[in-house]
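Peer 1: Quick one, what's the 3D model for this:
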Amino acid sequence: MNTSIDICKNHLCEITVTGKELDNNSYSQELSNGIGSFRYTDTVTINVLYKVNSDNEETLKGMQISQHLQKTENGEIHNVPDKTQFKLDEDGLYRLVHIILPTLEWFDLVSEEFGVNSIPYEYIYVYDNLKVYKYTENGLVQVPLSDIFDRESEELLSEESTISLLCNETFTICNTKRCYTKIATKLLNKYCPLDCNLDAFKDLIYKRDLLWMVINVVTYLLELGSFLEAQRIIEQFTRCNNFCKEELKGKGGVSCGCDTSNEKFGHF
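Peer 2: Residues are numbered from 1 along each chain as shown. Predicted coordinates for the structure are as follows:
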């Protein structure tokens with residue numbers, strides 16, 4: 001299957017992941033028998049999000065499942081758009097794994113009508129209610145859901161597998177930009193007569209300039225494709241970035257990823 005996705009960001013530091021396989025005509029027509037290629041309603045999408053550090057190590061941050069078929073209480077059937085959403089609580093590099101596989105219902109229908117041998121795949125994986133099954137000589141056997149996340153598995157990546165898998169990267173500095181905007185707005189709204197707190201005013205200017213440098217350096221590195229170096233800058237900046245944590249606290253925002261356990265860069 002020709003898998004592709006769109007990753008759209010919003011001002012709330014969220015991403016929306018939309019599968020584009022329907023637009024690419026990667027599915028067969030709904031009136032087909034679903035043997036050679038899958039119909040949209042025969043499949044589900046599993047999107048898995050990882051946070052990536054500057055050493056290219058991944059931490060699982062979330063998983064969303066998009067059911068392509070919805071049945072109402074009165075028996076009506078509706079197609080559901082392949083769309084999921086994630087909240088990015090930390091700035092930096094993320095890796096998104098987009099997985100499509102058929103449902104257990106598809107397997108049961110095809111095997112009952114045409115026989116299992118009619119399925120033209122050597123490695124048959126199917127999904128049903130948060131469980132994944134693999135067809136073996138002993139029939140369907142449940143396997144850990146995490147098994148299908150393995151991007152180094154020759155079996156999963158094979159064209160002979162019922163699983164289609166795509167990996168994309170995205171980078172966010174949404175929280176840093178929100179922090180910058182709040183501090184810049186404070187400066188714009190602040191009138192400083194002779195008797196004002198000049199130290200506090202200078203502190204805001206320092207924070208504003210620091211944030212602006214980080215945003216521009218990271219943006220330039222991303223334009224060069226240096227994602228891990230941009231991630232290193234974000235890690236260095238946010239390790240003890242207490243002032244962003246305070247600026248965004250209680251306003252529906254989050255910290256910029258502050259980790260006060262390591263203070264070798266000092267407090268900004």
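
Peer 1: From the rest of the structure, what touches the host helix or strand of residue 133?
Peer 2: Here residue 133 is covered by strand 131-136, with elements defined by DSSP states H and E. With contacts defined as Cβ atoms under 8 Å, 6 or more residues apart in numbering, strand 131-136 is touched by 101, 104, 107, 116, 123-127, 140-145, 147-148. In short, each C-beta sits where N, CA and C put it, glycine included.

Peer 1: what pLDDT, on average, does the following helix or strand past that strand get?
Peer 2: Toward the C-terminus, strand 131-136 is succeeded by strand 139-143 as the next helix or strand (DSSP H and E). Averaging pLDDT along strand 139-143 yields 94.

Peer 1: likewise stretch 169-176?
Peer 2: 95.

Peer 1: do the same with stretch 223-232
Peer 2: 97.

Peer 1: Tell me which residues of it come out buried.
Peer 2: Judged by neighbour count (16 or more other Cβ atoms under 10 Å), stretch 223-232 contains these buried residues: 227, 230, 231, 232.

Peer 1: Distance from that stretch to the middle of the chain?
Peer 2: 18 Å (Cα atoms, centre = their mean, to the nearest Å).

Peer 1: and the end-to-end length of it?
Peer 2: 15 Å (Cα to Cα, to the nearest Å).

Peer 1: I would like the residues contacting it, please.
Peer 2: With Cβ under 8 Å, 6+ apart as the criterion, stretch 223-232 contacts 52, 53, 54, 56, 92, 93, 169, 171, 218, 221, 222.

Peer 1: measure stretch 3-15 end to end?
Peer 2: 19 Å.

Peer 1: Centre of the chain to that stretch, how far?
Peer 2: The mean C-alpha position of stretch 3-15 is separated from the chain mean by 8 Å, Cα atoms, centre = their mean.

Peer 1: again with stretch 41-51
Peer 2: That offset, for stretch 41-51, works out to 10 Å (Cα atoms, centre = their mean).

Peer 1: Nearest to residue 67 among the contacts of stretch 223-232?
Peer 2: Nearest to residue 67 among the contacts of stretch 223-232 is residue 169, at 25.9 Å by Cβ to Cβ.

Peer 1: I'd like to know which elements whichever strand or helix holds the closest one is packed against.
Peer 2: Assessed by DSSP H and E, residue 169 sits inside strand 164-172. On a contact count with 3 or more Cβ pairs under 8 Å, 6 or more residues apart in numbering; DSSP states H and E, strand 164-172 meets strand 5-9, strand 92-102, helix 227-238.
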